[in-house]
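Novice: A predicted structure for the sequence below; I have some questions about it.
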Amino acid sequence: MSASLLRRGLELLEAPGRGEAPPGIRDRDGPRALGAARRKKRSREPTRNKATIKGRVVKSAIEEYHKKKAVDHMRENLKYMLKGRIVANRAITEQVLAQSRGRKSKDQPPKKASKKKPEGTVFTEEDFRKFEREYFGRP
């Protein structure tokens, strides 16, 4: 049931000559109504931009993206690396690598495969003919 229907019903039931409602029901013109009117009036007024606080400027999303984008330092690193031509002694580098290696099989360097000599015959065609003559007795 709405408040207006309830109020009308109470007006019908109230005794004649008595003009106010029971204390449990408040009219719209009470102290709360003034606060509501102020809030409505305040909401109609244009509000200031809360994103800009004193001394703060709205930042562009594109500028923020460019600031935080990863920078490629490859060119500077290459210049730095190629600038110095000092090469460490090979024995020292091998020693450092051996010390930093762990005991796991994944840390061990791959074993070098020994070079296989190409398989071929030691004997020539002339040697086979000579052997054939001696062994089988053919001229």
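Specialist: Great, that's in hand. Residues are numbered from 1 along each chain as shown.
Novice: Cross-check the contact I'm expecting between residue 101 and residue 95.
Specialist: No - the criterion here is Cβ atoms under 8 Å, and residue 101 misses it with residue 95 at 10.9 Å. Where you see a C-beta, it was placed from the backbone N, CA and C, and this is true even at glycine.
Novice: so how far is the helix or strand of the chain with the lowest mean pLDDT off the chain centroid?
Specialist: Counting by mean pLDDT, DSSP states H and E, the chain has its least confident helix or strand at helix 31-44, which shows a mean of 72. Distance, stretch centre to chain centre, for helix 31-44: 47 Å (Cα atoms, centre = their mean, to the nearest Å).
Novice: same question, stretch 108-122
Specialist: For stretch 108-122, the separation from the chain centroid amounts to 48 Å (computed by Cα atoms, centre = their mean).
Novice: now swap in stretch 110-125 and tell me
Specialist: In terms of Cα atoms, centre = their mean, the centre of stretch 110-125 is set 54 Å apart from its chain centre.
Novice: again, but for stretch 85-97
Specialist: 38 Å.
Novice: ditto for stretch 63-75
Specialist: With Cα atoms, centre = their mean as the basis, stretch 63-75 stands 15 Å off its chain's centre.
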